[in-house]
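Student: Let me see the structure of the following:
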Amino acid sequence: MSLISIEDIRKSYTAGDEEVTALHATRLEVEEGEFVAVLGPSGSGKSTFLSILGAMNTPTGGRLVVDGIDVYALTDEQRTDFRREYIGFVFQQLQLIPYLTALQNVMLPLAVTSIGRREQVEKARAALAMMGLEHKGGRLPNDLSGGEQQRVAIARAIVNDPPILLTDEATGNLDSLTGGSVMDIFDELKRKGHTIVMVTHNPDNCRHATRVVEIVDGHVKLPQAPETRGGVH
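Tutor: Sure thing, here's the model as predicted:
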């Protein structure tokens, strides 16, 4: 059984008397440990797709099944618990709390768990160390470079060791060198067993993926291996 199964997911909005389809994905299976890139231009429906995968945006129709769980059959409270257990998010807008240190930002997802304070600190330090930031846990976000802030955001996403990591244009605000180092981190997380779904408009990022899914005008096209796509090597 696939870790993630999408079955005829649709998302529509009403504009006046007209119904507009923002997203339509007929069927997609993601296996445990895969790195799937979701490629498409701005406004194509990529972020809608990711928010549905992250149990944050109820679709108009269809089913999302993760690890045998029918996600949108859950109550709101159950979906909150599901996100905490299964999903780590990395956004383009990093949403770091400016008055909290890097260590405190990474600890935030642990605040709603039963883990004791000492273990929370240990887990957050270990996540920062994985990002090469073990000596910068006491710094505020504004005292870090853009790449360092992004790595703090990734550490926060993985501190709970979620099986699924969802990233939305994680390198969009970074220069090519820094963005490349962030992609190397995702490669390492895949090797450690995380399943990654990455939304991007940058074809170069797709070189790191095991498969590429294209979204065009809200329609999800069948996935391809990245080496079979023209212009992506």
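
Student: Against Pro41, how distant is Tyr13?
Tutor: 19 Å (CB to CB, to the nearest Å). Where C-beta positions appear, they are placed from N, C-alpha and C, glycine not excepted.

Student: Okay, now the unreliable bits of this protein?
Tutor: 1, 222-233 (pLDDT under 70).

Student: how about the strands in it?
Tutor: 4-15, 18-30, 35-39, 61-66, 69-70, 87-90, 164-168, 195-200, 211-216, 219-220 (DSSP state E).

Student: what about the third one, distance to the chain center?
Tutor: Strand 35-39 sits 10 Å away from the centroid of its parent chain (CA atoms, centre = their mean, to the nearest Å).

Student: Over to the second one?
Tutor: Centroid displacement of strand 18-30 relative to its chain, using CA atoms, centre = their mean, is 19 Å.

Student: With stretch 70-78 instead?
Tutor: Distance, centroid of stretch 70-78 to centroid of chain: 19 Å (CA atoms, centre = their mean).

Student: Now it - C-alpha only, PDB.
Tutor: The C-alpha trace of stretch 70-78 is given here as PDB (Å, rounded to 0.1, in the frame of the first residue of the first chain):
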ATOM      1  CA  ASP A  70      -8.900   8.700   5.100                       C
ATOM      2  CA  VAL A  71      -7.700  12.200   6.000                       C
ATOM      3  CA  TYR A  72     -10.700  14.300   5.200                       C
ATOM      4  CA  ALA A  73     -13.100  11.800   6.900                       C
ATOM      5  CA  LEU A  74     -11.400  12.900  10.200                       C
ATOM      6  CA  THR A  75     -12.800  15.600  12.500                       C
ATOM      7  CA  ASP A  76     -10.900  18.900  12.700                       C
ATOM      8  CA  GLU A  77      -9.400  17.800  16.000                       C
ATOM      9  CA  GLN A  78      -8.300  14.500  14.500                       C
END
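
Student: What residues sit buried inside it?
Tutor: Within stretch 70-78, the residues that qualify as buried by neighbour count (16 or more other CB atoms under 10 Å) are 71-72.

Student: And the residue nearest the centre of this structure?
Tutor: Compute the mean C-alpha point of the chain, and by CA atoms, centre = their mean the closest residue is Leu166, 1.2 Å away.

Student: That residue: what's it in contact with?
Tutor: 50, 53-54, 87-90, 196-199 (CB atoms under 8 Å, 6 or more residues apart in numbering).

Student: what does Gly33 give?
Tutor: Counting by CB under 8 Å, 6+ apart, Gly33 has contacts 190, 193-195.

Student: one more time with 10 Å
Tutor: 3, 163, 190-196, 210 (CB atoms under 10 Å, 6 or more residues apart in numbering).

Student: gap between the residue lying closest to Leu74 once chain neighbours are set aside and Val20?
Tutor: Nearest non-adjacent residue to Leu74, counting by CB to CB, 6 or more residues apart in numbering: Phe82, 6.2 Å away. As judged by CB to CB, Phe82 and Val20 stand 28 Å apart.
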